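Q: what follows is a predicted structure for the sequence shown.
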Number of protein chains: 2
Amino acid sequence: MLVIGENINASNRNVGQAIAAKDSEFIASLARRQAEAGVDFIDVNAGSTQGSWYSPEAAMEWLVDVVRSVTDKPLSIDSDLPDVIAAGLHRCHGEKIIINSVNAESSRLQSIGPLAAEHGSLVVALAMRAGTIPKRLDERLAACDSIMSALQLMGVKEEQVLFDPLVLPVSVDTGQAVVTLRTIEGIKSRFPSARTVVGLSNISYGLPNRAMVNRAFLLMAAAVGLDAAILNPLDARTMNLVTVADLLMGHDAACRAYIRAYRKGLLTG
Amino acid sequence: MLVIGENINASNRNVGQAIAAKDSEFIASLARRQAEAGVDFIDVNAGSTQGSWYSPEAAMEWLVDVVRSVTDKPLSIDSDLPDVIAAGLHRCHGEKIIINSVNAESSRLQSIGPLAAEHGSLVVALAMRAGTIPKRLDERLAACDSIMSALQLMGVKEEQVLFDPLVLPVSVDTGQAVVTLRTIEGIKSRFPSARTVVGLSNISYGLPNRAMVNRAFLLMAAAVGLDAAILNPLDARTMNLVTVADLLMGHDAACRAYIRAYRKGLLTG
């Protein structure tokens, strides 16, 4: 499973303060620790507001530079604003990246699709139209169909797309975890060359003991074919379960990665 | 998810010694603790050998009586020997029980099928013919087809059957967890009124840190529709994950069981 480290996100208060204070050591440390934890991509989200020294575009460029000063791990350029994505993407000078994200809104597809096509980037595609997350499976799959049609017209290949089936809290509607699982299955069956990705934490919103629910949901999603997750790689137990999920899904030849993690003393909890 | 407590099994050395010594307090305590842990069924396996004071049939009858002296939880009567199953079943005096188990061998179907039909029992059906567990999905599903045809001819209804898709160790063949998951899906799609059940622990045979692998596999199997598990209910973390799996599969209205477990301080780890 591909792991996309979620920690460098301006919506996290410490990260927001580090951006405002141009505290490159704080950001560099987060990047370094995620790289050491074994992520495949580091997500970089600079927020969408201006600050004393920066536009959102400038903040994204600064974050990319700071992360690049300490690690070569590929980046996931994450923003609600197409111009900020473009700024981050150009700052990566042709590297392989993930664009995070598009949805089925045509304005967003029209601004992001050509960037993904031109640069051959991976692109996260949220299974929704504008505004709110659809509650039903058929609505989410219809959004995926629209997105794939539009992206393919623009020259993006199926294998560049990482569909996010989206996650709503089970505390609000106990049927929602199953909707997400069925959406993953539906995407895998419609688009065999595309991949699926989720952000975990929304599933447990409003419940006590959230980390346990998030970890359980990661395994359940892996069982139906999840290919990637946006998560906190500094949580060792979550990373252990990625190792176990890979083992059980047949992605760990001769159990080598599992045994290696065990020998390093990582497989606790 | 239905939980079948596995602890009263003569293949466990302490249980075997308790049977030999007719130590009813040891067996009663195991039954009581499993009942308190919230199992739905208590499995009872008396082994298949004779002892100083008992035939296997007499040992089964004694175990049933001892368990019944401390709890009303339904029983799973577990034996390789049809006569021992018949003895245990008759000792239950018409209660709802699980017969554990049949497979696709015709001699076994012919001895066990009529008992299940006559008593309206649930019956565990192993997805195999005689001898060894098939490695391939199609072979396991073919065994399920044979079993269901035979049982239905004898008057057993689809909803009485709990299919065990069977589990082989990933340490021997890393593709085996996926074979089990796909077998569960295949059974659910062929026999929508039947249920599925697994014993977990074989998955992790030969690996270090087995409990972590077993627990992860329980969640992954739940995601593809597992209805029941034969497990050690005295492992609190496993029972927590049953609660979480029920929550995420939409079987816990208003998250009540999850919140109740949390308030009791059970949801640790």
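A: Nice, thanks for sending it over.

Q: hmm, who's touching the strand or helix carrying A:Val64?
A: In this assignment (DSSP states H and E), A:Val64 forms part of helix A:56-68. Contact partners of helix A:56-68, identified using CB atoms under 8 Å, 6 or more residues apart in numbering or on different chains, comprise A:8, A:10, A:19, A:22, A:24, A:27-28, A:31, A:42, A:44, A:46-51, A:54, A:73, A:75, A:77, A:79, A:81, A:83-84, A:87-88, A:91-92. Just so you know, the C-beta spots here come from the backbone N, C-alpha and C atoms, and that holds for glycine as well.

Q: try stretch A:33-43
A: Against stretch A:33-43 from outside (CB under 8 Å, 6+ apart): A:2-9, A:31, A:67, A:70-71, A:73-76, A:78, A:97-98, A:100, A:228, A:230, A:233-234, A:236, A:239.

Q: repeat that for 6 Å
A: With CB atoms under 6 Å, 6 or more residues apart in numbering or on different chains as the test, stretch A:33-43 has contacts from A:2-7, A:31, A:67, A:71, A:73-76, A:78, A:98, A:233-234.

Q: the contacts of helix A:56-68 in strands, which ones?
A: Within the contacts of helix A:56-68, residues falling in strands by DSSP state E are A:Ile8, A:Ile42, A:Val44, A:Leu75, A:Ile77.

Q: most neighbours of all those residues, which one?
A: Neighbour counts for the ones in strands among the contacts of helix A:56-68, by other CB atoms under 10 Å in any protein chain shown, peak at A:Val44, which reaches 30 neighbours.

Q: just checking, that residue touches A:Leu75?
A: Yes: between A:Val44 and A:Leu75 there is a contact at 5.5 Å, judged by CB atoms under 6 Å.

Q: can you tell me the centre-most residue of chain A?
A: With distances taken as CA atoms, centre = their mean, the residue of chain A nearest its centroid is A:Ile230 (3.9 Å).

Q: mind checking the SS state of A:Gly265?
A: Counting by DSSP: H, G, I helix; E, B strand; the rest coil, the backbone at A:Gly265 sits in coil.

Q: ok, it to chain B distance?
A: 11 Å (CB to the nearest CB, to the nearest Å).

Q: same deal with A:Ile77?
A: For A:Ile77 relative to chain B (CB to the nearest CB), the value is 31 Å.

Q: check A:Tyr258 too.
A: For A:Tyr258, the distance to chain B equals 7 Å [CB to the nearest CB].

Q: mean confidence score for the host helix or strand of A:Ser189?
A: A:Ser189 belongs to helix A:176-190 when assigned by DSSP H and E. Regarding helix A:176-190, the rounded mean pLDDT is 98.

Q: tell me where the model's unsure across chain A.
A: A:268-269 (pLDDT under 70).

Q: contact partners of the lengthiest helix in it?
A: Looking across chain A with DSSP state H, the single longest helix is helix A:137-153. Outside helix A:137-153, the residues that touch it by CB under 6 Å, 6+ apart are A:104, A:109, A:113, A:125, A:127-129, A:134, A:163, A:179, A:182-183, A:186-187.

Q: go again with 8 Å.
A: Helix A:137-153 has contacts (CB under 8 Å, 6+ apart) with A:102-104, A:106, A:109, A:113, A:116-117, A:123, A:125-129, A:134, A:158, A:160-161, A:163, A:165-166, A:179, A:182-183, A:186-187, A:190-191, A:194.

Q: neighbours of A:His93, how many?
A: Neighbour number of A:His93 under other CB under 10 Å is 8.

Q: A:Thr71 too?
A: With other CB under 10 Å as criterion, A:Thr71 counts 17.

Q: now do the SS call for the residue nearest to the centre of chain A.
A: Per three-state DSSP, A:Ile230 ends up strand.

Q: pretty sure it contacts A:Gly199?
A: Yes: between A:Ile230 and A:Gly199 there is a contact at 4.4 Å, judged by CB atoms under 8 Å.

Q: overlap in contacts of these two?
A: Shared contacts of A:Ile230 and A:Gly199, defined by CB under 8 Å, 6+ apart, comprise A:Glu6.

Q: A:Val213 against A:Tyr205, yeah?
A: No: the pair A:Val213 / A:Tyr205 is not scored as a contact, 9.6 Å apart, by CB under 8 Å.

Q: could you check which of these two has the larger neighbour count?
A: Between A:Val213 and A:Tyr205, A:Val213 has the larger neighbour count (other CB under 10 Å), namely 26 against 14.

Q: residue contacts, the more buried one?
A: A:Val170, A:Ile203, A:Ser204, A:Leu207, B:Val244, B:Leu247, B:Leu248.

Q: please name the nearest non-neighbouring residue to it.
A: Excluding its sequence neighbours, the residue lying closest to A:Val213 (CB to CB, 6 or more residues apart in numbering or on different chains) is A:Ser204, at 3.8 Å.

Q: that neighbour contacts A:Leu168, doesn't it?
A: No: applying CB under 8 Å as the test, A:Ser204 and A:Leu168 come out as separate, 11.2 Å apart.

Q: which bits of chain A sit near chain B?
A: Residues of chain A found near chain B (CB under 8 Å from any CB of the partner chain) are A:170-171, A:174-175, A:177-178, A:181, A:203, A:207-209, A:212-213, A:216-217, A:219-224, A:240-241, A:244-245, A:247-250, A:252-255, A:258-259, A:262, A:267, A:269.

Q: any of those residues buried? List them.
A: Buried members of these, scored by 16 or more other CB atoms under 10 Å in any protein chain shown, are A:170-171, A:174, A:177-178, A:181, A:203, A:207, A:209, A:212-213, A:216-217, A:219-224, A:240-241, A:244-245, A:247-250, A:252, A:255, A:258-259, A:262, A:267.
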